[in-house]
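K.L.:
need a 3D model of the sequence below.
(3 chains)
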Amino acid sequence: MDEDKEQRPSCNCKKTTCLKRYCQCFQGHFFCSHACNCKGCWNSEHRRTFVEEHAELRLKTKPGASQSKDSALAGEQRVHGKGCTCNKSGCKKNYCECFKKQVACTTRCKCQGCENSYGTGGKGLQGNGDPGGPSGQPDGAPDGSGGSPGGSGESAVVIDEELLRPTEAGVAENVAAIDDPLDPSTYSW
DNA sequence: GAGTTTGAAACT
DNA sequence: CAGTTTCAAACTC
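P.N.:
The predicted structure is shown next:
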């Protein structure tokens, strides 16, 4: 029932008009809804064509970004396609895209002092992190099982593609749920 | 609740 | 292509 609610992100954009990937909704291929607290929002069904044009434009200018970083990688490891570049968070805070999705950092990541404990303990143990790093130990497994979950790290690496790639139906449903988030009087342009 | 910090995305 | 700036979200107080 609330499943759709959970899948649909909400944003608080003020300057991007919800047409850039700063916007959680736009990034997730959702239209903004009443749950959003955005201002000057153009990411609505009313502007669907406009939104699609923007999405296409983004696609043209930055093809690799079209699918976000997430699903860019498929096959051997479905983790963050591009990886994170965390410097200070140690990949153990929600600033870190990998941590946020509960996936392991990989060699694709450019993070420093990685302490991401998901999967095999993060690339910090794989060599890209500094060996004599902040702790040297990734704080152990999140579940405290004492080892990598599943041994192969599989459970932590796999991400739900459904969440990353909402179906047309999902979008349509989302759109249908929007009453009228676009009040002309609310927008300055 | 407000302010600060952080990483990602956009722009030059 | 690389560096800088801007942005929204997460975090701390």
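K.L.:
what stretches of chain A score poorly on pLDDT?
P.N.:
Applying pLDDT under 70 to chain A flags residues A:1-8, A:57-82, A:118-189.
K.L.:
can you pull the domain assignment for chain A?
P.N.:
A:2-61, A:68-139 (automatic domain parsing).
K.L.:
residues of the strand or helix carrying A:C98 that come out buried?
P.N.:
Taking DSSP states H and E as the criterion, A:C98 maps to helix A:97-100. By neighbour count on 16 or more other C-beta atoms under 10 Å, the buried set for helix A:97-100 is A:E97, A:C98, A:F99. For every residue, glycine as well, the C-beta is placed using N, CA and C.
K.L.:
for chain A, what lies in contact range of DNA strand C?
P.N.:
For chain A, the residues in contact with DNA strand C (C-beta under 7 Å from any atom of the strand) are A:11-16, A:22-24, A:93-95, A:100.
K.L.:
let's see 10 Å
P.N.:
Proximity of chain A to DNA strand C (C-beta under 10 Å from any atom of the strand) is limited to residues A:9-27, A:36-41, A:89, A:92-97, A:99-100.
K.L.:
filter those by proximity to DNA strand B?
P.N.:
Among those, DNA strand B is touched by A:16, A:19-23, A:26-27, A:89, A:92-97, A:99-100 when using C-beta under 10 Å from any atom of the strand.
K.L.:
just the buried subset of these, please.
P.N.:
Counted by 16+ other C-beta under 10 Å, these give A:T16, A:L19, A:C23, A:F26, A:Q27, A:S89, A:K92, A:C96, A:E97, A:F99 as buried.
K.L.:
in contact with the first one, which residues?
P.N.:
Going by C-beta atoms under 8 Å, 6 or more residues apart in numbering, A:T16 touches A:Y22, A:C23, A:F26.
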